[in-house]
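*Asks:* Need a 3D model of the sequence below.
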Amino acid sequence: MSSSSWYYLRGGQQVGPVPVEQVKIALRNGTIGPSDLVWRKGLVDWVPAGNLPELAGGADPGVEAAPTARTAYAPGYISYASVAAIPGYAGFWKRVAAAIIDCLVLVMIWLVLMIPSVAMIAAIMDAAGASLDDIEAMGNLIKAMGKLVSTAAGWLYSALMESSSMQATLGKKALGIKVTDLNGDRISFARATGRYFAKSISFIILCIGYLMAAFTARKQALHDMIADTLVVNRS
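*Replies:* Residues are numbered from 1 along each chain as shown. Predicted coordinates:
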């Protein structure tokens, strides 16, 4: 872990990233107190500085840290609702822009896969002198094939890229954001797959699942919550 990966809240303002030594100095000179909130990669939530043994050397031994309230998000940590979001959460509109780019990429992939296939099928049917009934049946088959290609392309595109070392689709990469687990680490292909198909739930409830990314403290859409993932800005 980088030593310059700490953040703290001072007077309602977020400071960081800074080295851990700077946080300890701030504790010693009273710039922040043991009850003030700090965060680093690896912590699920912000915590009072005095609650972390690694910062204990910087605190005034005469001052006790504020008690920590337990929440459903992370037992032992304070509520996200009481502070600003952890540094780096990707905003809603940035995610929308990334999704638009990804949609355009997937359209291009779909066209590349479907146009040659449809052209070949049409040529074969024309050469065979297909009847109107044959053409109608083939049209239905092409529609079904198109849906299958669309689903498979979307799944593999999202799951493979978000579980790769890039941790992002092309749209997310372009916007400088990536997908992580709750500890900020790379997700597996299985989790990326679960996240992709959980988007169908976000969609069928009138897209409310997507809109949740604009209002939840960790900027999570419903499918992020289901898959235990975060979308964050690249450092």
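
*Asks:* Okay, domains of the protein per the record?
*Replies:* Taking automatic domain parsing as the domain assignment, the ranges for the chain are 6-82, 92-233.

*Asks:* Mind listing residues that contact stretch 214-230?
*Replies:* Residues outside stretch 214-230 that contact it (CB atoms under 8 Å, 6 or more residues apart in numbering) are 80-81, 85-86, 89-92, 95, 179-182, 184, 187, 191-192, 194-196, 198-199, 201-202, 205, 208-213, 231. Placement of C-beta: from N, CA and C, glycine included.

*Asks:* Ignore what I typed, I meant stretch 133-148.
*Replies:* Applying CB under 8 Å, 6+ apart, the external contacts of stretch 133-148 come out as 110, 114, 117-118, 121, 125, 130.

*Asks:* do the same with stretch 168-179
*Replies:* 90, 94-95, 97-103, 105, 157-158, 161-162, 166-167, 187, 192, 195, 229-234.

*Asks:* out of those residues, which are inside strands?
*Replies:* Using DSSP state E, the members of the contacts of stretch 168-179 that fall within strands are 229-233.

*Asks:* Return the members of those residues classed as buried.
*Replies:* Neighbour counting by 16 or more other CB atoms under 10 Å classes 229-232 among the ones in strands among the contacts of stretch 168-179 as buried.

*Asks:* what's the burial count for the residue lying closest to residue 37 once chain neighbours are set aside?
*Replies:* Using CB to CB, 6 or more residues apart in numbering and skipping residues adjacent in sequence, the residue nearest residue 37 is residue 46, 4.2 Å away. Burial of residue 46 is recorded as 25 neighbouring residues (other CB atoms under 10 Å).

*Asks:* Same check on residue 161?
*Replies:* There are 21 residues near residue 161, going by other CB under 10 Å.

*Asks:* could the buried ones among the ones in strands among the contacts of stretch 168-179 be laid out in a markdown table, adding pLDDT and distance to residue 223?
*Replies:* A markdown table is the format used below for these (pLDDT from 0 to 100; distance: CB to CB, whole Å):
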| residue | pLDDT | distance to residue 223 |
| --- | --- | --- |
| 229 | 95 | 8 |
| 230 | 92 | 12 |
| 231 | 94 | 10 |
| 232 | 91 | 16 |
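
*Asks:* roughly how far apart are residue 120 and residue 19?
*Replies:* 62 Å (CB to CB, to the nearest Å).

*Asks:* no, scratch that, I was asking about residue 41
*Replies:* Separation of residue 41 from residue 19 (CB to CB): 14 Å.

*Asks:* That'll do, ta.
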